[in-house]
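> next comes the sequence, and after it the predicted model I'd like to discuss.
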Amino acid sequence: MSEQHLRHLPSVDQMLRRAGLAELIRRAGRETAREGLREVLSELRRELRGVNGTAPAPDPERLADEAERRLRARLARRDQALTRRVVNATGVVLHTNLGRAPLSRAALAAITEVAADYCALEYDLGAGRRGQRGAGLEAVLRRMFNCEAAAVVNNCAAAVLLVLNTLAEGGEVIVSRGELIEIGGSFRIPEVIAKSGARLREVGTTNRTRLADYERAITAETRVILRAHPSNYRIVGFTERPAPADLARVAATHSLPLFEDLGSGCLIDLSAWGVGGEPTVGQALEAGASVVAFSGDKLLGGPQAGILLGRADLIGRVKSNPLMRALRADKLTFAALEATFGAYAGGRAAEELPALAALRATKAEITARARAFLRRARRVAGGLRFELIDGHSVVGGGSAPQAELPTTLISVTGARLGAAEIERRLRGQTPPVIARIVDERLVMDLRTVSREGEQELLAALGEIGSREGEQ
């Protein structure tokens, strides 16, 4: 093809002025769009140079349309790889794949304040010299839980590894066979113990472990008794597990630390909301656990973090471990945790923390929201059909796997579009909407959708519904 045929290609500036790209440029940023257009037009230029010289000259408008299509596809692939905000319409409150607990407004404000400028992360304002990272938060935790010491690392898995490496390296860790768990991401208790440099000593059976099993297993090589939260599974029926206080007495009798991995980080009794059987951090400490580890981003409702509470001598040894620096949390995590624990200290957690507010919502409240949403959806998304059906939400995040929270689901069907296609198109919206397919129907649960998210969900359905009506 002659070089003059290449002149039919639009320039980058011409493409940037196309009306159809205005919204895309706004979302992606002008420089990102400009760079993408350069790459797309280079591709088309190479392809045109490879066309037989007798081929007719290309149509300029069709070339511009093709460049726009390729740019959209390129930016869509880029967006799929980014950490983007989504609308969670699944009804899974602590959805691990969607970032678990959303942060409170107070936590977001705290993050913004310390991120935008310098902060006293490791500076003692009273003394005017270097201080300890997280000292303020640790003081708050000691007061809240009436414990001797506290420490914060980047997640609960890190906390477990750090404690076992500190207290049990070269020795044995006793664990019930019923607690040799695996949670998401292949976090297996036996492998973590091995990586810590300790050796696993299994006791009891999968469904029944007695105090006598622990006592018989204690030797001169024993360093820690570990009690692990079962996380995302439960053993029911013919079962037995020692009470925490009884196990703590056995550990104390043999001068051994009892380390409890609580995982979910539940701070308050959730049974009134339909989430029963979750031990609280306070209960574990009162029962006599020497060290307790739990997550910040599960039932606690804060940022990802691993929090350690317990005896000063043991926590002190943990803080002196060289791994502590590798696993420590950053200033944004400390700021968000301080705000989150502040909500608990002030008795405002159920109202201020989005995850707890979602768990507390009753079916009647969700039904009222769903009915109001349906009236609006039918006006803007005429090409889709909506129906309210009974269903259940779940806690998620490896917490309370047996808890089913009654809810009202919004079922969405199309005259031509199947459930899988509606789900795919929802994921392609801005922001993406994540929903579920149940019994060949797409369903949405407003329990996990914020008020702002409702408007975005409505806009996404309107976009899909209008196109469905045009087909």
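Done, it's in.
> and this protein, what are its domain boundaries?
3-80, 87-98+358-470, 105-352 (automatic domain parsing).
> among the ones you listed, show the one with the smallest mean pLDDT.
For the domains of the chain, the weakest mean pLDDT is recorded on domain 3-80, namely a mean of 79.
> look up which helix or strand Phe341 falls in, please.
Using DSSP states H and E, Phe341 sits in helix 331-345.
> can you name the next helix or strand after that helix?
Next along the chain from helix 331-345, counting by DSSP H and E, comes helix 349-352.
> pull out the buried residues from that following helix.
Across helix 349-352, burial judged by 16 or more other CB atoms under 10 Å covers Ala349, Ala350, Glu352. Where you see a C-beta, it was placed from the backbone N, CA and C, and this is true even at glycine.
> ok, the residue nearest to the second one when sequence neighbours are not counted - contacts?
What it means is Ala350. Excluding the flanking residues, the one nearest Ala350 by CB to CB, 6 or more residues apart in numbering is Leu356, at 5.0 Å. Residues near Leu356 by CB atoms under 8 Å, 6 or more residues apart in numbering: Leu299, Gly301, Ala349, Ala350.
> which SS class is the first one?
This means Leu299. Look at Leu299: counting by DSSP: H, G, I helix; E, B strand; the rest coil, its state is coil.
> surely it touches Glu278?
Yes. Counting by CB atoms under 8 Å, Leu299 does reach Glu278; the two are 6.7 Å apart.
> show me which of these two is the more surrounded one.
Set Leu299 next to Glu278 and count neighbours by other CB atoms under 10 Å: Leu299 wins out with 32 against 22.
> quick check: closest non-adjacent residue to that one.
Closest to Leu299 by CB to CB, 6+ apart is Cys266, at 4.2 Å.
> hang on, Val192 packs against Ala159?
No. With contact defined as CB under 8 Å, Val192 does not count as touching Ala159 (10.7 Å).
> higher neighbour count, those two?
With neighbours defined as other CB under 10 Å, Val192 and Ala159 compare such that Ala159 has more, 26 against 20.
> bridging residues for the nearest residue to that one once chain neighbours are set aside?
Leaving out its chain neighbours, the residue that sits closest to Ala159 by CB to CB, 6+ apart is Gly306, at 3.3 Å. Beta bridges link Gly306 to Val153, Ser295, judged by DSSP bridges.
> again, but for Arg199
Going by DSSP bridges, Arg199 forms beta bridges with Glu172.
> next one: Val275 from Gly396, what distance?
From Val275 across to Gly396, the span is 11 Å (CB to CB, to the nearest Å).
> among the two, which residue is more densely surrounded?
For Val275 versus Gly396, the count of surrounding residues by other CB under 10 Å is larger for Gly396: 25 against 22.
> need the contact list for the more buried one.
The contact partners of Gly396, taken as CB under 8 Å, 6+ apart, are Val92, Val93, Leu94, His95, Thr96, Arg100.
> which of those are buried?
Buried by 16+ other CB under 10 Å: Val92, Val93, Leu94, His95, Thr96, Arg100, out of these.
> which two of these have the greatest separation?
Val93 and Thr96 (11.0 Å; CB to CB).
> just checking, Leu226 touches Glu172?
No. Look at Leu226 against Glu172 with CB under 8 Å: they stay out of range, at 10.4 Å.
> so which of these two has more stuff around it?
Neighbour count, other CB under 10 Å: between Leu226 and Glu172, Leu226 has more, with 27 against 20.
> gap between that one and Glu423?
Applying CB to CB to Leu226 and Glu423 gives a distance of 41 Å.
> likewise Ala64?
Distance, Ala64 to Glu423, using CB to CB: 32 Å.
> host element of the residue nearest to Ala350?
helix 354-360.
> counting by contacts, list what the helix or strand that that helix is followed by packs against.
Downstream of helix 354-360, the first helix or strand assigned by DSSP H and E is helix 363-380. With contacts taken as 3 or more CB pairs under 8 Å, 6 or more residues apart in numbering; DSSP states H and E, helix 363-380 sits against strand 384-396, strand 405-414, helix 451-470.
> reformat these into TSV and put distance to Ile235 next to each item.
TSV is the format used below for those (distance: least, CB to CB, whole Å):
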stretch	distance to Ile235
strand 384-396	18
strand 405-414	22
helix 451-470	37
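> mind checking which of those is nearest Thr112?
Comparing the helices and strands packed on helix 363-380 by CB to CB, helix 451-470 comes nearest, at 17.3 Å.
> got any residues that touch both of Leu299 and Glu278?
Ser264, Cys266, Leu270, Ser399.
> closest one of these to Met15?
Once CB to CB is applied, the member of the shared contacts of Leu299 and Glu278 that ends up nearest Met15 is Ser399, at 49.3 Å.
> residues in contact with the closest one?
Counting by CB under 8 Å, 6+ apart, the residues that Ser399 touches are Leu94, Ser231, Asn232, Gly263, Ser264, Cys266, Val275, Glu278, Lys298, Leu299.
> beta-bridge partners for it, please?
Applying DSSP bridges, one finds that Ser399 bridges with Gly396.
> can you offset everything so residue one is 43?
Sounds good: first residue 43 from here, last item Ser441.
> how near is it to Gly352?
22 Å.
> what's the answer for Asp311, then?
Taken as CB to CB, the span from Asp311 to Gly352 is 22 Å.
> settle it for me: which of these two has more neighbours?
With neighbours defined as other CB under 10 Å, Asp311 and Gly352 compare such that Gly352 has more, 26 against 14.
> tell me who's in contact with the more buried one.
If you count contacts by CB under 8 Å, 6+ apart, then Gly352 has Cys189, Glu190, Ala191, Leu327, Ala331, Ser332, Val333, Val334 around it.
> skipping adjacent residues, who's closest to it in space?
Nearest non-adjacent residue to Gly352, counting by CB to CB, 6+ apart: Val333, 3.7 Å away.
> that neighbour: neighbouring residues, count only.
Neighbours of Val333 under the rule other CB under 10 Å: 27.
> could you find the closest non-adjacent residue to Ala377?
That would be Ala152: by CB to CB, 6+ apart, it lies 4.0 Å from Ala377.
> Gly133 too?
Excluding the flanking residues, the one nearest Gly133 by CB to CB, 6+ apart is Asp487, at 2.9 Å.
> beta-bridge partners for the one you found, please?
Listed by DSSP bridges, the beta-bridge partners for Asp487 are Leu451.
> residues in contact with it?
With CB under 8 Å, 6+ apart, Asp487 has these contacts: Ala131, Thr132, Gly133, Ile408, Gly433, Ser435, Thr449, Leu451, Ile452, Arg478.
> quick check: the farthest pair among those residues?
The most widely separated members of the contacts of Asp487, counting by CB to CB, are Ile408 and Arg478 (15.0 Å).
> same drill for these two, tell me which one is more crowded.
Shown here are Ile408 and Arg478; by other CB under 10 Å, Ile408 has more neighbours (24 against 17).
> hang on, isn't that one packed against Thr449?
Yes. Checked against CB under 8 Å, the pair Ile408 and Thr449 is within contact range at 5.2 Å.
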